[in-house]
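> Show me the folded form of this:
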Amino acid sequence: MAATVITVQQLLSPFPVTPLTANSADITFTALTVTEGDTFVCTGREVILISNGTGTNTLTISSADDAYGRAEDITAYSLAENDFSVFGVGLTNAAGYKTSAGLIKMTPSSAEVKAAVLRLPAGYPN
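Here you go, the predicted structure:
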């Protein structure tokens, strides 16, 4: 079975049309898939928000070999009950995390681990 593809959520631009309509700035967390993990198509402008529910759980972000054949997973990152974590800022565009297909893969230890992948508007960061 293949990894589940997560929908990336587009952040509002710095000067959105106002007034903002109800729910237009909301984000949605999606429960991650324990057995096969989840992927998303990466442009390098993404921030990964992680939310953990009950219990202590872990998250692995799989790496891909870089130009020198090196790989270094973020393995079993520990999340306490009700923890929030953030990944990105270079990770999402780094050779070594993004596969040749432009994907990043995350695998949780429990469906209590949820993710929201947010994409900065085009042109950000400059």
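> Give the helix, strand or coil label for the residue nearest in space to the middle of the chain.
For the chain, the residue lying nearest the average C-alpha position, counting by C-alpha atoms, centre = their mean, turns out to be residue 48 (3.3 Å). Going by DSSP: H, G, I helix; E, B strand; the rest coil, the secondary structure assigned to residue 48 is strand.
> now it: how far from residue 67?
Residue 48 sits 23 Å away from residue 67 when distances are taken as C-beta to C-beta, to the nearest Å. Using the backbone N, CA and C atoms, a C-beta is placed for each residue, glycine as well.
> quick one: low-confidence ranges for the protein?
Applying pLDDT under 70 to the chain flags residues 1, 89-95, 125-126.
> tell me the contacts of residue 61?
Contacts of residue 61 were listed using C-beta atoms under 8 Å, 6 or more residues apart in numbering, and they are 48, 73, 74, 77, 87, 91, 97, 104, 105, 106.
> where along this structure do the strands fall?
Per DSSP state E, the chain carries strands over the ranges 4-5, 9-10, 30-31, 38-41, 46-52, 57-62, 74-79, 84-88, 103-108, 113-119.
> hang on, the earlier thing: including distance to residue 41, could the contacts of residue 61 go into JSON lines?
As requested, the contacts of residue 61 are exported to JSON lines (distance: C-beta to C-beta, whole Å):
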{"residue": "48", "distance to residue 41": "13"}
{"residue": "73", "distance to residue 41": "20"}
{"residue": "74", "distance to residue 41": "19"}
{"residue": "77", "distance to residue 41": "22"}
{"residue": "87", "distance to residue 41": "16"}
{"residue": "91", "distance to residue 41": "15"}
{"residue": "97", "distance to residue 41": "13"}
{"residue": "104", "distance to residue 41": "9"}
{"residue": "105", "distance to residue 41": "12"}
{"residue": "106", "distance to residue 41": "13"}
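> Out of these, who's the most crowded?
Counting by other C-beta atoms under 10 Å, residue 104 has the largest number of neighbours within those, with 26 neighbours.
> State the number of residues packed around the residue nearest to it when sequence neighbours are not counted.
With C-beta to C-beta, 6 or more residues apart in numbering as the criterion, residue 104 has its nearest non-adjacent residue at 5.0 Å, and that residue is residue 42. Applying the criterion other C-beta under 10 Å, we find 23 residues in the vicinity of residue 42.
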